[in-house]
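**Q** Quick one: sequence plus predicted model below, questions after.
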Amino acid sequence: MRIGIVVGEASGDILGAGLMAALQRRYPTARFEGIGGERMIAAGFHSFFEQERLAVMGLVEPLKRLPELLRIRKQIVRHFTDNPPDVFIGIDSPDFNLTIEEKLRAAGIFTVHYVSPSVWAWRQKRIVKIARAVDLMLTLLPFEADFYRQHKVPVCFVGHPLADDIPLQSDQAAARRELQLDSAGTVVALMPGSRGGEVKMIGPLLWEAARRLQGRAANVHFLVPAASAARRRQIEEQLQQLPPLPLTVVDGQSHQVMTAADVVAMASGTTTLEAMLLKRPMVVVYRFAWLSYAILSRLVKTRFFSLPNLLAGKPLVPELLQDEATPERIADELLVFLQQPHRSEFIREEFTRLHQSIRCDASERAAEAIAQGLEQRGLEQRTQEQTSREQTSREQGGA
């Protein structure tokens, strides 16, 4: 069994590693290759390129890297066309992966896309290309699967692996002990994102919000998880431009940081889902480069942009986008959670309900859906071969 996979984000690496483990239980001798991250490589994945080369954000920014991205994609298509895998799985990164999947499917290769693009929110005409590109769409969220069924695209809702990994109740006291924090103090997590462009846009807003909040909340300490050594350097350079804050930068450990926190201010993205699963009240902020925002603001069809609100179908947590994302607004929204315990408790109850709705053993369900697709494909091929043999036999008999 040869399985091709391409991931373009750190979150995709997590999903890919979980899916690999589930597939290996079904196909112990399977070989995996394509583009993967550190977790997948540690599990035996053969990556042709560094996954970081695909990690670009926005609409305009990827244009600067377009020649390199096109070259990588062309090489991936050529490799898998010349050496067809039993299945090709594109994990997230739809602008990169869907074209690969379309070309490989046209070449007769079974294609799966894991993690739906936000086609239900914007650029809905992409559903036409998706229908051409994929034999099976695997979605993490239930409302996504409903959209694909409406458009008659084969789909399976598998749940979210993070919902499986994170317990329904988290231990804040243990996380604080692990991070050597005062068990009685107020802890605010500040999370500007994992990519350099995000930290550049969002970091200064969070640091200034922290400075404003410092004088309004007693005994407060700020925690900042740095996604990598490069992000830590970037964060520390930004903080050097401000007066000292009661703030600690932590290498990685975003899970522990959020668990230890009373409230989180964070960039929009997959991490908002993790904060929801940890039952942490949050303020979600995001800023794009001006041209990207000018384009996106005309295309988006959904009321919300944070995953907790999208899942709930209502505004559970504050969303501050573009010009609304100011240090003053961020500090004000954080203070509301700190000063109104009943609101935080309501949020935790809602988050528990949402957690249970997407806790489905996702990696196993995804692997099972892929295995069923492979079995059905094999059955169809055997049927076609049998029909062909019977036709040949009839023709020979008639002769």
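**A** That came through, no problem. Numbers count the residues shown, from 1 in each chain.
**Q** Determine the number of other residues adjacent to V283.
**A** Using other C-beta atoms under 10 Å, V283 has 26 neighbouring residues. Glycine gets a C-beta too; all of them are placed from N, C-alpha and C.
**Q** CA-only coordinates of the host helix or strand of it in CSV, if you can.
**A** If you go by DSSP states H and E, V283 is part of strand 282-286. Presented in CSV, the C-alpha positions along strand 282-286 are these (Å, rounded to 0.1, in the frame of the first residue of the first chain):
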residue,chain,number,x,y,z
MET,A,282,-11.5,34.1,24.7
VAL,A,283,-11.3,37.2,22.6
VAL,A,284,-10.5,36.5,19.0
VAL,A,285,-8.7,39.1,16.9
TYR,A,286,-7.4,39.2,13.3
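**Q** Centre of the chain to it, how far?
**A** 16 Å (C-alpha atoms, centre = their mean, to the nearest Å).
**Q** mind giving me the domain ranges of the chain?
**A** Domains of the chain are assigned by automatic domain parsing as 2-158, 165-357.
**Q** Put together JSON lines for these, with distance to S363 and mean pLDDT on each row.
**A** Conversion of the domains of the chain to JSON lines gives the following (distance: least, C-beta to C-beta, whole Å; pLDDT from 0 to 100):
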{"stretch": "domain 2-158", "distance to S363": "4", "mean pLDDT": "89"}
{"stretch": "domain 165-357", "distance to S363": "10", "mean pLDDT": "89"}
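**Q** of the ones you listed, which approaches Q376 most closely?
**A** Closest of those to Q376 is domain 2-158, at 9.5 Å (criterion: C-beta to C-beta).
**Q** Tell me, how many residues neighbour A184?
**A** Neighbours of A184 using other C-beta under 10 Å come to 7.
**Q** three-state assignment of it?
**A** Assigned with DSSP: H, G, I helix; E, B strand; the rest coil, A184 falls in the coil class.
**Q** what does A189 give?
**A** Here A189 is recorded as strand under three-state DSSP.
**Q** Next, count neighbours for it.
**A** For A189, the count of nearby residues is 25 (other C-beta under 10 Å).
**Q** Return the distance of it relative to Q322.
**A** According to C-beta to C-beta, to the nearest Å, A189 and Q322 sit 22 Å apart.
**Q** Please apply the same query to Q384.
**A** In terms of C-beta to C-beta, Q384 sits 54 Å off from Q322.
**Q** Of those two, which one has the most company?
**A** Shown here are Q384 and Q322; by other C-beta under 10 Å, Q322 has more neighbours (14 against 10).
**Q** Any idea how far the stretch of helix or strand I127 belongs to is from the middle of the chain?
**A** I127 is part of helix 126-133 when elements are defined by DSSP H and E. Distance of helix 126-133 from its chain centroid, counting by C-alpha atoms, centre = their mean, is 20 Å.
**Q** Give me the buried positions along it.
**A** 126-127, 129-130, 133 (16 or more other C-beta atoms under 10 Å).
**Q** again, but for stretch 374-384
**A** L374.
**Q** now swap in stretch 203-217 and tell me
**A** Those would be 203-211, 213-214, 217, for stretch 203-217 by 16+ other C-beta under 10 Å.
**Q** ok, residues contacting that stretch?
**A** Contact with stretch 203-217 is made by 186, 188, 190-192, 220, 222, 224, 234-235, 238-239, 242-243, 245-247, 265, 285, 287, 325-328, 330-331, 334-335, 338, as judged by C-beta atoms under 8 Å, 6 or more residues apart in numbering.
**Q** next one: stretch 169-178
**A** 182-183, 187, 256-257, 259-260, 278-279.
**Q** Just the buried ones among those, please.
**A** Among the contacts of stretch 169-178, those classed as buried by 16+ other C-beta under 10 Å are 187, 256-257, 259-260, 278-279.
**Q** Please narrow the residues you listed to those residing in strands.
**A** Among the buried ones among the contacts of stretch 169-178, DSSP state E puts V187 in strands.
**Q** Just the CA coordinates for the helix holding I127, please, in PDB.
**A** What follows is helix 126-133 as a C-alpha-only set of coordinates in PDB (Å, rounded to 0.1, in the frame of the first residue of the first chain):
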ATOM      1  CA  ARG A 126     -15.100  26.400  -5.700                       C
ATOM      2  CA  ILE A 127     -17.600  23.500  -5.100                       C
ATOM      3  CA  VAL A 128     -17.500  22.900  -8.800                       C
ATOM      4  CA  LYS A 129     -13.700  22.300  -8.700                       C
ATOM      5  CA  ILE A 130     -13.900  20.300  -5.500                       C
ATOM      6  CA  ALA A 131     -16.500  18.000  -7.200                       C
ATOM      7  CA  ARG A 132     -14.000  17.400 -10.000                       C
ATOM      8  CA  ALA A 133     -11.000  17.000  -7.700                       C
END
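**Q** Show me the contact partners of that helix.
**A** 94, 98-99, 101-102, 105, 111, 113, 117, 119, 137, 148, 151-153.
**Q** Now, of these, which are buried?
**A** 94, 98-99, 101-102, 105, 111, 113, 117, 119, 137, 148, 153.
**Q** Can you list the buried residues in the lengthiest helix in the chain?
**A** The single longest helix within the chain, with elements called by DSSP state H, is helix 362-398. Buried residues in helix 362-398, defined by neighbour count with 16+ other C-beta under 10 Å: 362-370, 373-374.
**Q** and those residues as JSON lines, adding pLDDT?
**A** Putting the buried residues of helix 362-398 into JSON lines (pLDDT from 0 to 100) gives the following:
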{"residue": "A362", "pLDDT": "95"}
{"residue": "S363", "pLDDT": "95"}
{"residue": "E364", "pLDDT": "96"}
{"residue": "R365", "pLDDT": "97"}
{"residue": "A366", "pLDDT": "97"}
{"residue": "A367", "pLDDT": "97"}
{"residue": "E368", "pLDDT": "97"}
{"residue": "A369", "pLDDT": "97"}
{"residue": "I370", "pLDDT": "97"}
{"residue": "G373", "pLDDT": "95"}
{"residue": "L374", "pLDDT": "94"}
